[in-house]
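Chemist: pasted the sequence and its predicted model underneath.
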Amino acid sequence: STLSANAQWQQVGLTGQYVSCPAISGSNIFAGSNYVLLSTNNGDSWAIVDSGNWCYQDYGINSIAINGSYIFAGGDCWVGDILIPDNGYIILSTNNGLSWTLEDDNFYYNQPPVTSIVMSGSNIFAGTGGVRGGYVFLSADSGSTWTLVNDSVGWGYIFSLAVKGSRIFAASNNGVFMSSNNGSSWTLVNNELGGNKVSSLAVRDSDIFASSVGQVFLSTNSGNSWTSISNGLPNNTYLYALAVKDSNIFTGGH
């Protein structure tokens, strides 16, 4: 379902910055930009909470995942306006953002930009994307080491990861892939989407939502089948974000 309302928005604290992947932990609001940012007053002011030299020059945060006092942030490296294709990284804070460490040098030196991070029990999954294609990595030791759990054949760019019970879903250029064994094997599960680019995933109770170009799809059976729920959405609109709140579904794009 959708909700129509006259919303009133106010800019708080951040001006003229690229901001992505907000995440909330208690009264703390984290956001990704060129750094990890933290607000403790509902966004009125923000502080940089990671100032490490993770890259040669500049870097950007694409994804933040929180589990208790553990905060994982994944991103990419830049030199000016040029993305360094094989310099993705993950950083970890174990004290609510007070300090950060670089996790696994393999991400820094050899892997594409980190685009998405999700938690599934004690496992952490990270999705990447870039000129080499999309990969999914798994860590079972709080990010100290990572194992490649997909071969990237036909996957393209990994845009989003989501967890539903024991199943891990990955949205990519070429559809939605699902694993029910912690990444040991993957299956393309969105024949109804026609192998289209899927840019975002969201989970609510037994429902899984996926956004594509001009469409949002719903699966009520753990990804086995999908139905378009796109009435009223403009055609040819790239829908990059999904969020669910109670009975409402929000999507945004351009």
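Modeler: Yep, that arrived.
Chemist: can we go C-alpha only for contacts and neighbour counts from here?
Modeler: Fine.
Chemist: now the helices for the chain?
Modeler: Ranges of helices within the chain are 105-110, based on DSSP state H.
Chemist: Met119 contacts Tyr70, doesn't it?
Modeler: No - applying CA atoms under 8 Å as the test, Met119 and Tyr70 come out as separate, 10.9 Å apart.
Chemist: who has more neighbours out of these two?
Modeler: Using other CA atoms under 10 Å, the more surrounded residue of Met119 and Tyr70 is Met119, with 19 against 14.
Chemist: contacts only, for the more buried one.
Modeler: Ala65, Asn67, Phe125, Val163 (CA atoms under 8 Å, 6 or more residues apart in numbering).
Chemist: output these in TSV; the columns should cover neighbour count and pLDDT.
Modeler: Below are the contacts of Met119 laid out as TSV (neighbours: other CA atoms under 10 Å; pLDDT from 0 to 100):
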residue	neighbour count	pLDDT
Ala65	22	90
Asn67	14	83
Phe125	25	93
Val163	20	92
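Chemist: so which of those residues comes closest to Trp155?
Modeler: Nearest to Trp155 among these: Phe125, at 16.0 Å, using CA to CA.
Chemist: partner residues bridging the closest one?
Modeler: Val118, Leu138 (DSSP bridges).
Chemist: do Val213 as well
Modeler: Under the criterion used (DSSP bridges), Val213 bridges to Tyr238.
Chemist: pretty sure it contacts Leu233?
Modeler: No - using CA under 8 Å, Val213 is not in contact with Leu233; the gap is 9.9 Å.
Chemist: where in the stretch 101-250 of the chain is pLDDT low?
Modeler: Within the stretch 101-250 of the chain, the stretches with pLDDT under 70 are 104-111, 130-133, 152-154, 190-196.
Chemist: if we go to 50?
Modeler: The model of the stretch 101-250 of the chain has no residue with pLDDT under 50.
Chemist: and the residue nearest the centre of the chain, how close does it get to Ser27?
Modeler: Among the residues of the chain, the one closest to the centroid is Ser116, at 3.1 Å (CA atoms, centre = their mean). Per CA to CA, to the nearest Å, Ser116 is found 23 Å from Ser27.
Chemist: tell me how many other residues crowd Phe177.
Modeler: Neighbours of Phe177 under the rule other CA under 10 Å: 19.
Chemist: kindly report the same for the one 4 residues further on.
Modeler: Asn181 has 11 neighbouring residues, counting by other CA under 10 Å.
Chemist: state the phi and psi torsions of it.
Modeler: phi -130, psi 40 (degrees, to the nearest 10).
Chemist: check contacts around it.
Modeler: By CA under 8 Å, 6+ apart, the residues touching Asn181 are Ser166, Arg167.
Chemist: mind redoing it with 10 Å?
Modeler: Ser166, Arg167, Ile168 (CA atoms under 10 Å, 6 or more residues apart in numbering).
Chemist: how about the last one: what's its closest non-neighbour residue?
Modeler: Pointing back at Ile168 there. Ranked by CA to CA, 6 or more residues apart in numbering and with sequence neighbours excluded, the top spatial neighbour of Ile168 is Ser179, at 5.2 Å.
Chemist: correct me if wrong: that neighbour contacts Ala171.
Modeler: No - assessed by CA atoms under 10 Å, Ser179 is found out of contact with Ala171, at 12.0 Å.
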